[in-house]
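> Need the 3D shape of this:
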Amino acid sequence: MPRNSTGQIIAIVIASLLIIALGALLSMYFGKRAKSSADWLAAPESLPLGVVVITQFATAVGGGVLIAHVGIAYASGWSVFAYEGCVLLGFLGLALIARWLREQKFTTVPDIVSKLFGTSKAVTGVAGIAALIVPFGWLATQFVAFAKLFGELTGIHANILIVAIMVGSLIFVLPGGLTSVVWTDFIFGIFKIAMSLFVAGYAIYLAGGWGGITSKVPDGLWQPSGITAAGGEQIWLWVAAIVPGTLTNQLYYQRVFATKKVSDARRGLVLSGLTILVGGLYAGCIGLAVRAMNPGLGNPEDAAGWLITRLPATLLVIYGAFLVATIISTTGAALQSVVANIIRDLHQNVFGRTRGDRETVSLSRMFTVVVALLAAALAIVFPSALDWLVASYAYSAATLAAPIFVGYLLRKRFALRPVAALGSMLAGIAGCALAQFADTTVPYAVYGIAASVVALLVLLVPGLHRKPGVGSGPESGPGTDAGPDAANSLSTVEK
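From the prediction side, this is the model:
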């Protein structure tokens, strides 16, 4: 049980409710900009560069940074930057195709696969499921992270906290979908950056300053060489797991799709990747500070919770608000992304259910509530069994990485057909499953991606030929770079 007094707990709860109320007001205000179902699902061509950068940061820096990344820093010092560097590499990889992504005016990740390989319900269905499992996993784990940390602050039962954060997430999403989510994320993201730097500095102060840390923490953790303290094998495992997961995470793609200017698409990703390093600085400073003050923690992931109990009353209240802002900005983004896949890819493109604009928004809101309830239920029933989140990253990357990136590279040289995409995605799933059951040392996502690439290249052989007229003008067949009005462009929803 926490040491906080009843007065402190009440103050923390009030501050948190004020943050949620502010988020609700911002969401309703910015939600008025959502004039159509397209605005709700994708916020097309509406985000300035600064908003793209900050909202990417707000989305990426959630419960994982607050708990797991601080644990990495506690155990392995500046190696946390090796982890964050993997996320940065993923952002830089996305930047390579960002301009093309923005020019095509996509809504979801399966739109990319359909653009490259041609429209197919089977392809869209498999890609849609693969794209939604990661944000859904994020949603459930953020609920768990909030319950764990806020429970340390207040002593409130975890189930109550999960329901509370679920309601807060709905408040962020329901008014305007992605339009309201990104703008509230922008405001909260600025607050998160400021608070991250402040709390990191205060943790160092509690540890007796930087000198106090260096005198008590092993040199190999706090010196610049500490970036490799986790060991080469662990770092390569991070590279193999995190980079592909970032490259196929729809949450990041959606911000690219929504940039106001085509020229901002690549620039926004590069700058967003650099802001992720703020999360590494936060986690690194806190992890090292707690290591200096309490080197005997049995579980490194308890470091953040231990620090909370040492904060003074005023900072404790502010930290509670920071915690709510951090978690809710990520959960809102994840919730909206899942619903976009369900409506756009499964309901409309696979099952062929088209509705008017107003009906589509109403249906999106209904699915938002259903998805939030399901994620909360899973978080309550499985509060510590989160290995399935790791699996969701692996299977999503194994399913989508090859069709998107290899397909993009080969789009002008080969006739890309739906059968190649479907075979590649199914091979990725099979390769992932076999490697998982074999309990391989290398992350099983790597085997899945390799199988997906091989299958894609093999299935290209029957149609192997340079496409006629490549380089001589736009075409409209599958896999070309024709504009959004091309023959194979998805037209179920007006873009």
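> how about low-confidence regions in the stretch 251-400 of the chain?
The stretch 251-400 of the chain contains residues with pLDDT under 70 at 384-389.
> Show me where it has its helices.
Taking DSSP state H, counting those that start in this stretch as the test, the helices found in the stretch 251-400 of the chain are 264-293, 303-308, 313-340, 357-381, 387-401.
> mind checking how far the fourth one is from the chain centre?
A distance of 18 Å separates the centroid of the chain from that of helix 357-381, by Cα atoms, centre = their mean, to the nearest Å.
> Quick one: residues in contact with it.
Helix 357-381 is contacted from outside by 34, 36-37, 40-41, 136, 139-141, 143-144, 147, 158-159, 162-163, 166, 169-170, 173-174, 177, 335-336, 338-340, 342-343, 347, 355, 493, using Cβ atoms under 8 Å, 6 or more residues apart in numbering. Quick note: C-beta positions are derived from backbone N, CA and C, even for glycine.
> List only those of those flagged as buried.
Burial by neighbour count, 16 or more other Cβ atoms under 10 Å: within the contacts of helix 357-381 this picks out 34, 37, 40-41, 136, 139-141, 143-144, 147, 158, 162-163, 166, 169-170, 173-174, 177, 335-336, 338-340, 342-343, 347, 493.
> Can you check what angle separates the strand or helix carrying residue 23 from helix 313-340?
In this assignment (DSSP states H and E), residue 23 forms part of helix 6-31. Here the directions of helix 6-31 and helix 313-340 differ by 40 degrees (axes from the mean of the first three to the mean of the last three Cα atoms, to 10 degrees).
> Of all the residues in helix 6-31, which ones are buried?
Buried-residue list, helix 6-31, by 16+ other Cβ under 10 Å: 8-9, 11-13, 15-16, 19-20, 22-24, 26-27, 30-31.
> Quick check: pLDDT value at residue 467.
In this prediction, residue 467 carries a pLDDT score of 48.
> Mind putting the helices of the stretch 251-400 of the chain into CSV with distance to residue 200?
Output for those, formatted as CSV (distance: least, Cβ to Cβ, whole Å):
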stretch, distance to residue 200
helix 264-293, 4
helix 303-308, 11
helix 313-340, 12
helix 357-381, 28
helix 387-401, 26
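> All the helices of the stretch 101-250 of the chain, residue numbers only.
Counting by DSSP H, counting those that start in this stretch, the stretch 101-250 of the chain has these helices, from start to end: 109-117, 121-154, 158-173, 178-206, 209-216, 219-222, 232-247, 250-257.
> Deepest-packed of the ones you listed, please.
Of all the helices of the stretch 101-250 of the chain, helix 109-117 has the most neighbours on average by mean count of other Cβ atoms under 10 Å, namely a mean of 28.
> If you count contacts, what does it end up packed against?
Applying 3 or more Cβ pairs under 8 Å, 6 or more residues apart in numbering; DSSP states H and E, one finds that helix 109-117 makes contact with helix 121-154, helix 250-257, helix 407-410, helix 418-438.
> where's residue 335 relative to residue 168, distance?
11 Å (Cβ to Cβ, to the nearest Å).
> Any idea how many residues pack against residue 459?
18 (other Cβ atoms under 10 Å).
> Name the nearest residue to it, ignoring sequence neighbours.
Once flanking residues are discounted, residue 459 sits nearest to residue 420: 4.1 Å by Cβ to Cβ, 6 or more residues apart in numbering.
> Just the CA coordinates for stretch 71-80, please, in PDB.
Below are the C-alpha coordinates for stretch 71-80, written out as PDB (Å, rounded to 0.1, in the frame of the first residue of the first chain):
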ATOM      1  CA  GLY A  71      13.600  -0.900 -15.900                       C
ATOM      2  CA  ILE A  72      16.000  -1.200 -18.800                       C
ATOM      3  CA  ALA A  73      17.900   1.800 -17.600                       C
ATOM      4  CA  TYR A  74      17.900   0.500 -14.000                       C
ATOM      5  CA  ALA A  75      19.500  -2.800 -15.100                       C
ATOM      6  CA  SER A  76      21.600  -1.600 -18.100                       C
ATOM      7  CA  GLY A  77      22.100   2.100 -17.800                       C
ATOM      8  CA  TRP A  78      22.300   4.100 -21.100                       C
ATOM      9  CA  SER A  79      21.500   0.900 -23.000                       C
ATOM     10  CA  VAL A  80      17.900   2.300 -23.000                       C
END
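> And it, how far out from the chain middle?
21 Å.
> Pull the residues that contact that stretch.
Counting by Cβ under 8 Å, 6+ apart, 69, 83, 217-218, 220-224, 226-230, 234-235, 280, 283-288, 290-291, 297, 299-304 sit against stretch 71-80.
> One more: stretch 20-33?
With Cβ under 8 Å, 6+ apart as the test, stretch 20-33 has contacts from 39, 46, 168, 171-177, 179-181, 183-184, 187-188, 324-325, 328.
> 6 Å - rerun?
Stretch 20-33 has contacts (Cβ atoms under 6 Å, 6 or more residues apart in numbering) with 168, 171, 172, 175, 176, 179, 180, 183, 184, 187.
> and which of these is nearest residue 408?
Lowest distance from residue 408 to the contacts of stretch 20-33 (Cβ to Cβ) belongs to residue 179, with 27.8 Å.
> for residue 258, what are its contacts?
Counted by Cβ under 6 Å, 6+ apart, residue 258 has contacts 43, 46, 47.
> quick one: which of these is most hemmed in?
That'd be residue 43 among the contacts of residue 258, by other Cβ under 10 Å, with 29 neighbours.
> Now do the SS call for that one.
Three-state call for residue 43 (DSSP: H, G, I helix; E, B strand; the rest coil): coil.
> which of the contacts of stretch 71-80 count as buried?
Listed as buried from these are 69, 83, 217, 221-222, 226-230, 234-235, 280, 283-288, 290-291, 297, 300-304; burial here means 16+ other Cβ under 10 Å.
> So for residue 208, what pLDDT did the model give?
You'll see residue 208 listed with a pLDDT of 94.
> Just give the number of residues close to the closest residue in space to it that isn't next to it in sequence.
Leaving aside its sequence neighbours, residue 208 sits nearest to residue 292 (Cβ to Cβ, 6+ apart; 7.2 Å). Neighbour count of residue 292, defined by other Cβ under 10 Å: 23.
> Look up how far residue 328 lies from residue 401.
Shown here: residue 401 relative to residue 328, a distance of 30 Å by Cβ to Cβ.
> Likewise for residue 21?
Residue 21 is 12 Å from residue 328, by Cβ to Cβ.
> now residue 310
Residue 310 sits 25 Å away from residue 328, taking Cβ to Cβ as the criterion.
> Please apply the same query to residue 291.
If you measure residue 291 against residue 328 using Cβ to Cβ, the figure is 29 Å.
> now residue 261
Separation of residue 261 from residue 328 (Cβ to Cβ) stands at 29 Å.
> more crowded one of those two?
Neighbours per residue, other Cβ under 10 Å: of residue 261 and residue 328, the larger number sits with residue 328, 27 against 14.
> Pretty sure the more buried one sits against residue 168.
Yes. Under the criterion of Cβ atoms under 6 Å, residue 328 makes contact with residue 168 at 4.9 Å.
> Once you drop chain neighbours, what's closest to residue 397?
Nearest one to residue 397, counting by Cβ to Cβ, 6+ apart, is residue 244 at 3.6 Å.
> List just the nearest of the contacts of stretch 20-33 to residue 443.
Using Cβ to Cβ, the contacts of stretch 20-33 come closest to residue 443 at residue 172, 32.4 Å.
> ok, now which ones touch the closest one?
Counting by Cβ under 6 Å, 6+ apart, residue 172 has contacts 23, 27, 181, 184, 332.
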